Structures are given as structure tokens and as C-alpha cells.
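S.K.: Okay, predicted coordinates and the sequence, questions at the end:
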Amino acid sequence: MPQEIIHVRTRLMPLYCKDFHCIMGACQDNCCDPGWRIEFSKKDYLKVKRATQDTELEAAVTQGMRRLREREHDGMYAEFCVTDKGRCAFHTEEGLCALQLKCGEDTLPSVCRTFPRLIRNTLAAQEHTLSPACEGVLALLWDLPEGIDFVEEPLERKDWMDYEPKTAVTARFADIRSFCIDILQERSLRLPQRLLLMGFLLQRLRDADWQTENTVDNWLAQGEQLLHNPAVAAELSRLPRDRQLFIANNYQIAVTLLGESKTKDLICELTSAVAADYSQKEAQMSFSELKYRDLEEKLEELLGHSDYFFENLMVSVAFQLEFPNLISPEELWTDYVNLCNIYSFFRFTSVCGCDREVSKKRLFHILVAVSRGILHGRYTQRELRDKFFQHDSATLAHMAILLGG
């Protein structure tokens, strides 16, 4: 077990974070009109309650917040109520926040002030990122055809952190995650091939000795060799495809997400784009592979037959999720299965969305809805991921099907 303490003294973020600004009322999926619960702490609740300056606002605050007595055990004390139009009670017709307009931004709960910004403390740095569950963030990713650069800055002394890693592998989180990002951005391979190669390498890391000091150095050296080996690229180009299984897997994810009232109509619409027939005798849905291929070609045309946008999206997701999880070998593989599942559903829904309209606006609408359902639905994400292990499908061969669809 390593004895050295890891001293975290820097802030790390994708460079595009510095360019983000809220587009407010111009956003087609305003985060104040989400169909998801806006929950916050007791401190935030009391701050809003005390901010009332006139009778009209006091009445709005009284009617616009609800206590979460069933959630107090995990720090969630209250939530904003949703109107019959599905909006936050403080959301104006112009797409602005009445509470902020009257009392100032500092009055808002922290979730409202910071979304889609996220801050995580890791063994690498204090990490700042932006969630793709925001249209403004997706627009930034779309405008980065050369890929994502990262910037590292010194932390203020008050934010310094010290960690004692549990294993020799855990201690090398920064190096391992950096190499995973390099794989995701290796453009000599198609994005599904990069993800599959990363799985092959992570499987080897999972099975290695995590207490041996040179484990990670050997793994990184082997990974660099495979990443730039033309023979490996040729082998990965023969990625197996089973579109029926790919579509069926993602259809089941969609069924799980149907409980989200805001996304129900959208999910039903997306899945119906490729649903062919339902067999009552076998209680099984069949899907049109031909229709899916036609829609996939439309998406490829929209993307300019390039992987760069989805590459940027998955780099952003991996960074947001602090991928890979090095708590244990088992958690490492679980995290990889989760990442493959997210990519697969992003791809599936983006393709299906081309049935109604092929446009950047339509693509962003779908990805925002999917991100809010999965990336910001911790329990849903865990449920979807765990199903692979319950059904003995968390294998690299099965991930190849998810990636190759």
C-alpha cells in the first residue's frame, strides 16, 4: 500500500468552461422548466423564505416551495413546486426567474445558481466542468471541431486538499484518467472503436495486481503501444454488430425512463421510430433495422460524417462522472459498463430523433432530455447499469455490441 500523501493544489477544467454563459429565455429546454425536481437544503430554503420584500412575492414563495419531509435524511429539505404548465413556480413567461429578478441572484438555492456547473474534488485536482444537460453546453461542444483542451490553475490555499490513496493503482488516478481521455480523443479510430479499446485495456487493469508499484507504468506503456498499432486498428474495424440486440437494449432503457413525465412523450416518439411489431405470443417487440440504418445515415449527414461532436460529448461525460472509478477493480469495470451504456443510449436516441426532424436544434433537445434522465438521475443510472450484471451481460463482448450499434 502506498505511503505517500497526494497533495491536491490545482484546479482542472475543460477550457470551454470559461466561455459558458446562460442563454436564458432563448433556451428551448430551460432548466427552470425541466420536469425534474429542483431540490435544495434547509439553508437555501430559509434564505428564500427571508427574501420576501412585498406581499406578492411572499405569496409566491409560500405557494412555490414544498417541504420534503421524506428526504431530510439526505440533506434535501425542500423543492420548488411545479405549475400546471410543468414549470417552476417562479419561471416567467419570458423564461426568466421572478425570484432572481426581484431579490437578486444570491437569493437562489445553490443548484439554481450553479447549474450546469459542477465541482468535484478528486485525487487529480479540484475539477470544474459543465453538464451536457444544458443546451448552452452542447452548443459549446458543437463548436469545438478540434476537440477539448484542458487548463490547470493553482488553487487558493483554503481549497487545498490531501488524500491518502488505498492502493498503488488508486494513487495514479490522474495518469489513468488522462490516458482514458487520450483514447477518447484518438482520431485514427472511430469513437466506438476507441471505447472498445479502452474497455480491453481497463479489463487488463482490473485483473492486475493493484498493490504493485509498477502496475500502472506497465499498463500505460502497453496501452500506448496498442493505441498506435495499425494492426489493432484493423482488428477494431471489424467491431461486431447486432442491431436487434443493440436496439432492444436501448428500448429497455427507454422503458425505464418512461416514468419521467416530462420526457414520456419524447421517449415514446423516439422508440416508435424503429419499432416494427409487437408479438403477443412471445411478448416481444421487434425492430426495423432498415429504418434504423436510414435514420443513422441522416444523423451522419448532420454530423458531417465526423465523430468530433460525440467525442466531445463523451469526454465531457467521462470528466463529469470522474471516470474511471478506482475504488476497487470491481468498481472500475462497473464504471466502464456505465459509460458504454450512456454512449449507446445517446447514440440510439440521436438516431431515432432524425425520424421527425434532422437538425442541430432537434439533436440538442434530445440530448438534454436524455442527460437529465440519466446523468442527473443517480438511481436510474445505477438501475440501468446494474441490470447488465444481473443478466450476466457486463462482458466486453456485450459492450462491443452496445458500442457497435
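M.R.: Looks like it arrived, so ask away.

S.K.: So which elements touch the biggest helix by length in the chain?
M.R.: Scanning the chain for the helix with the most residues, using DSSP state H, yields helix 329-352. Helix 329-352 sits against helix 191-206, helix 243-257, helix 261-272, helix 289-302, helix 308-320, helix 360-374, helix 378-390, helix 396-404, with contacts defined as 3 or more CB pairs under 8 Å, 6 or more residues apart in numbering; DSSP states H and E. The way it works is simple: take the backbone N, C-alpha and C, and place the C-beta from them, glycine included.

S.K.: residues in contact with the fourth one?
M.R.: Right, the one you point to is helix 289-302. Helix 289-302 has contacts (CB atoms under 8 Å, 6 or more residues apart in numbering) with 243-244, 247, 273-274, 276, 350-352, 354-355, 358-360, 363.

S.K.: thinking again about what came up before, so can I have a markdown table of the helices and strands packed on helix 329-352 showing mean pLDDT?
M.R.: Listed next are the helices and strands packed on helix 329-352 as a markdown table, based on pLDDT from 0 to 100:
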| stretch | mean pLDDT |
| --- | --- |
| helix 191-206 | 96 |
| helix 243-257 | 84 |
| helix 261-272 | 76 |
| helix 289-302 | 94 |
| helix 308-320 | 97 |
| helix 360-374 | 92 |
| helix 378-390 | 81 |
| helix 396-404 | 90 |
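
S.K.: Let me know which of those is the nearest to Ile181.
M.R.: Comparison of those against Ile181 by CB to CB identifies helix 308-320 as nearest, at 6.0 Å.

S.K.: Next, the residues that contact the closest one from outside, please.
M.R.: Contacts of helix 308-320 (CB under 8 Å, 6+ apart): 14, 118, 127, 129-132, 137-138, 141-142, 144-148, 177, 180-181, 184-185, 187, 191, 195, 303, 323, 339, 342-343, 346-347, 367, 375.

S.K.: run the last query once more with 6 Å
M.R.: 129, 132, 141-142, 144-145, 148, 181, 184, 191, 303, 343 (CB atoms under 6 Å, 6 or more residues apart in numbering).

S.K.: Same question for stretch 191-206.
M.R.: Counting by CB under 6 Å, 6+ apart, 180, 183-184, 186, 219, 223, 236, 307, 310-311, 329, 332-333, 336, 396, 399-400, 403-404 sit against stretch 191-206.

S.K.: thinking again about what came up before, and the contacts of helix 289-302, which of them are buried?
M.R.: Buried by 16 or more other CB atoms under 10 Å: 243, 247, 273-274, 350-352, 354-355, 363, out of the contacts of helix 289-302.

S.K.: which one of those is nearest Thr62?
M.R.: Leu363 (40.2 Å).

S.K.: quick one: contacts for that closest one?
M.R.: By CB under 6 Å, 6+ apart, Leu363 lies in contact with Ser350.

S.K.: cool, Phe115 as well?
M.R.: Counting by CB under 6 Å, 6+ apart, Phe115 makes contact with Cys31.

S.K.: Use 7 as the first number for this chain going forward.
M.R.: I'll keep to 7 as the first residue from here, and by that count the last item is Phe121.

S.K.: can you give me phi and psi for it?
M.R.: Per-residue torsions, Phe121: phi -60, psi 140 (degrees, to the nearest 10).

S.K.: follow-up on the earlier one: using neighbour counts, pick out the buried residues of the longest helix of the chain.
M.R.: Residues 335, 338-358 are the ones in helix 335-358 that count as buried (16+ other CB under 10 Å).

S.K.: quick one: contacts of that helix?
M.R.: Looking at what lies outside helix 335-358 - CB under 6 Å, 6+ apart - the contacts are 205, 208, 212, 256, 259, 276, 279-280, 301-302, 305, 320, 329-331, 369, 372, 376, 390-391, 394, 400, 405, 408.

S.K.: So for the spatially closest residue to Val157 that is not a sequence neighbour, what's the pLDDT?
M.R.: Using CB to CB, 6 or more residues apart in numbering and skipping the chain neighbours, the partner closest in space to Val157 is Leu21 (5.0 Å). Leu21 is assigned 96 on the pLDDT scale.

S.K.: unless I'm mixing things up, Leu21 is touching Glu158, no?
M.R.: No - using CB atoms under 6 Å as the test, Leu21 is too far from Glu158 to be in contact (10.4 Å).

S.K.: which residues do the two both contact?
M.R.: By CB under 6 Å, 6+ apart, no residue touches both Leu21 and Glu158.
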